[in-house]
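# With the sequence up front, the predicted model follows.
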Amino acid sequence: MSAPNGRGRERDNNGAVTFAVPSPSSAVPAPTRLGDLAATFGLAVADGSGPDWAEVGVRGVRADNREIADGDLFAAHTGGRVHGARYAGAAVSAGAAAVLTDPAGARLLAGTGPLGVPVLVAPDVPALLGELAATVYGRPAEALGTFAVTGTNGKTTTVFMLDHALRALGRRTGLIGTVEVRVGGRAVPATLTTPQPADLQALLAQMVAEDVDDLVMEVSSHALALGRVNPVVFDVAGFTNLTQDHLDFHATLEEYFEAKADLFTPARSHRGVVLVDDEWGWRLAERSATARPGAVVSLSATGAHEADWRVHEVTADASGTAFTLTHRDGRTLRTRTALPGGFNLANAALAAAMVLESGVGAAELEDALAAAGGLSPRVPGRMEQLAERPRVIVDFAHNPGALAQALAALRPTTAGRLVLVFGATGSRDRTKRPEMARLAVEGADVVVVTDDDPHDEPPEQIRAEVLAAARGHVPDTTVVEIASRAEAIRTVVLEAGEDDTVLVAGRGHETVQEIAGVDHHLDDREEVRAALALRAGGLN
Ligand SMILES: CC(=O)N[C@H]1[C@@H](OP(=O)(O)OP(=O)(O)OC[C@H]2O[C@@H](n3ccc(=O)[nH]c3=O)[C@H](O)[C@@H]2O)O[C@H](CO)[C@@H](O)[C@@H]1O[C@H](C)C(=O)N[C@@H](C)C(=O)N[C@H](CCC(=O)O)C(=O)O
Ligand SMILES: Nc1ncnc2c1ncn2[C@@H]1O[C@H](COP(=O)(O)OP(=O)(O)OP(=O)(O)O)[C@@H](O)[C@H]1O
């Protein structure tokens with residue numbers, strides 16, 4: 001996995017989400033008086049801010065100087081790498097009307113001469129940033145239908161399915177997630193799964209200005225722990241599952257779970273749907289049923305009768321899976337998804353249940369989905385099939401839970417060998433490596449260990465760890481090492497038999513591979529297509 005989606009090394013372009021095209025004038029909010037902001041949020045005013053500081057108006061809030069537009073407030077807070085106050089001068093040159101910083105930032109600014117704009121000071125800027133930005137942008141979330149999905153795996157897919165369902169109902173949607181940020185029909189690649197607080201509010205304001213009806217977004221555990229979605233209270237929140245990931249950020253799996261569980265508290269959502277096909281889901285649903293009876297409902301995609309919503313009458317054929325979703329109160333809907341694997345059935349059921357919990361009638365949704373071909377959006381780099389014989393699939397599975405599911409989904413429909421190309425990410429959660437190696441040799445017939453994003457770690461060291469675990473676990477599985485990912489892909493595609501399935505796992509839609517601080521263009525889908533062309537040429 002590469003850095004642009006937030007799992008990598010920090011880099012200069014890893015800031016806010018911006019649309020390449022300018023916002024329409026209707027997106028420009030009426031200015032908010034600094035005096036009002038200072039009174040509401042208890043902000044102090046730094047010396048040298050001028051007698052009329054309170055009358056200065058701000059139109060937006062950004063925490064990155066590269067995103068500043070005329071009249072914005074620049075929120076300069078401390079980060080893991082640098083203090084944002086270092087960029088205050090650049091922000092003012094770009095049009096910032098005022099600066100909000102913390103005491104450390106104020107000291108930094110005091111040493112650099114007058115900025116020429118008022119400087120406000122708060123002890124903890126990130127803690128109030130979401131609420132402050134929401135105030136400046138006119139609390140845009142309240143003008144939108146809002147759907148949020150969290151969980152280790154399936155967020156992107158479920159959000160694309162939600163988007164698909166809502167559009168089938170004739171709604172205009174905005175989407176925020178790992179792959180892209182979309183407002184109406186316009187999309188740009190995402191930098192983080194969940195944007196920073198001020199960027200999020202700016203995006204929501206843009207959605208309101210462009211008459212979007214509903215927001216669908218992924219909410220990462222990082223975002224919840226760091227308060228990035230404050231103060232949005234989502235109409236409907238959804239939970240997919242929890243398996244090991246991100247233990248470089250959260251100290252324990254328990255802490256990771258608690259971060260996600262926060263989305264289902266009244267401060268963050270009005271209603272919730274929790275998939276209870278893993279133990280974490282049951283825990284969350286049981287806890288919520290006690291704390292908020294009726295507000296958070298359970299869903300079982302495996303048909304568990306204890307759940308409020310359950311999936312049953314599942315029928316699978318070459319074109320996908322059809323299923324019935326029924327609530328214990330009698331509401332019922334039948335639909336289908338063309339996306340492969342039991343986990344995509346779960347994602348589809350979650351998306352449908354979330355729309356139903358938002359108040360849409362079951363018959364209305366069933367008809368809309370029937371007309372739209374079911375819950376079958378194209379999700380970039382998620383079980384994306386690029387060839388049929390041999391079947392070649394690019395998937396984003398980059399943690400043990402996802403890898404296990406992806407292999408399990410492909411095994412029953414593979415007549416020949418199941419060939420896996422994968423590698424582990426460097427400089428991040430090393431405990432995933434032996435587990436992923438074990439699942440690889442257990443689930444595939446041939447495993448090609450290659451590079452993912454080594455980041456700052458020697459790639460050969462990462463591969464050696466994966467190889468040792470793989471060979472130690474199932475000594476007779478064919479395990480091959482090919483350092484270059486492009487070469488690994490080319491080799492397996494050229495050598496695959498017509499009945500084989502090739503799964504290229506780990507990077508999905510990503511297009512940048514980072515090795516020792518240097519970004520290299522690498523798109524698994526492009527490499528697969530090039531190898532398929534070579535194969536077709538060779539076979540002619
Ligand atoms: C831990 C974390 O969330 N870090 C994010 C944070 O970095 P940071 O606090 O270190 O910020 P910094 O680089 O020191 O900069 C400090 C301040 O100066 C500003 N600045 C910085 C440079 C500049 O030229 N101009 C400028 O104004 C920055 O905008 C920031 O406000 O703010 C940066 C700017 O927004 C983010 O790029 C960075 O995400 C890093 C890259 C990251 O790896 N985040 C991951 C952990 C993450 O958030 N992942 C989740 C989960 C994904 C998943 O589910 O798989 C996500 O939601 O994406
Ligand atoms: N419900 C699910 N359960 C388990 N694995 C899943 C599920 N849905 C998708 N996957 C697997 O996880 C991978 C990532 O899926 P997706 O991008 O939808 O999840 P995500 O939560 O957005 O991931 P990330 O946070 O890492 O971006 C897929 O490529 C697939 O292999």
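Everything's here; your move. Ligands and ions are numbered 1, 2, ... in the order given.
# Surely residue 238 touches residue 272?
Yes. Counting by C-beta atoms under 8 Å, residue 238 does reach residue 272; the two are 7.1 Å apart. Bear in mind the C-beta positions are built from the backbone N, C-alpha and C, glycine included.
# higher neighbour count, these two?
residue 238 (32 against 26; other C-beta atoms under 10 Å).
# which ones are touching that one?
When the contact criterion is C-beta atoms under 8 Å, 6 or more residues apart in numbering, the partners of residue 238 are 147-151, 158, 272-275, 350-351, 353-354.
# How about residue 347?
154, 157-158, 161, 240, 337, 339.
# swap in residue 304?
Contacts of residue 304 by C-beta under 8 Å, 6+ apart are 276-277, 310.
# any chance of those in JSON lines, with distance to ligand 1, neighbour count and pLDDT too?
Listed next are these as JSON lines, based on distance: C-beta to the nearest ligand atom, whole Å; neighbours: other C-beta atoms under 10 Å; pLDDT from 0 to 100:
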{"residue": "276", "distance to ligand 1": "21", "neighbour count": "27", "pLDDT": "97"}
{"residue": "277", "distance to ligand 1": "20", "neighbour count": "23", "pLDDT": "95"}
{"residue": "310", "distance to ligand 1": "28", "neighbour count": "22", "pLDDT": "98"}
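# and the nearest residue to residue 498 once chain neighbours are set aside, how far is that from ligand 2?
Distances taken as C-beta to C-beta, 6 or more residues apart in numbering place residue 389 nearest to residue 498, at 4.5 Å, with adjacent residues excluded. Note on residue 389: its distance to ligand 2, by C-beta to the nearest ligand atom, to the nearest Å, is 22 Å.
# Would you quantify the distance from residue 389 to ligand 1?
In terms of C-beta to the nearest ligand atom, residue 389 sits 33 Å off from ligand 1.
# Check what pLDDT that residue gets.
On the pLDDT scale, residue 389 is placed at 93.
# Can you tell me which residues in the stretch 51-200 of the chain are near ligand 2?
Within the stretch 51-200 of the chain, the positions near ligand 2 by C-beta under 6 Å from any ligand atom are 151, 153-157, 178, 193.
# Out of those residues, list just those in helices.
155-157 (DSSP state H).
# ok, and the most crowded of the residues you listed?
residue 157 (29 neighbours).
# Setting the sequence-adjacent residues aside, check what's closest to it.
Closest to residue 157 by C-beta to C-beta, 6+ apart is residue 347, at 4.6 Å.
# circling back: count the residues that sit near the residue nearest to residue 498.
11.
# which phi and psi does it have?
When quoted as degrees, to the nearest 10, the phi and psi of residue 389 stand at phi -140, psi 100.
# ok, it touching residue 496?
No. When contacts are counted by C-beta under 8 Å, residue 389 is not listed as touching residue 496 (9.2 Å).
# any idea of the mean pLDDT in stretch 124-137?
The model assigns stretch 124-137 a mean pLDDT of 97.
# does any bit of it sit next to ligand 1?
No. Under the criterion of C-beta under 6 Å from any ligand atom, ligand 1 is not reached by stretch 124-137; the shortest gap measures 8.4 Å.
# before we move on, what about stretch 365-382?
No. Legend: contact between stretch 365-382 and ligand 1 by C-beta under 6 Å from any ligand atom is lacking; minimum distance shown is 13.3 Å.
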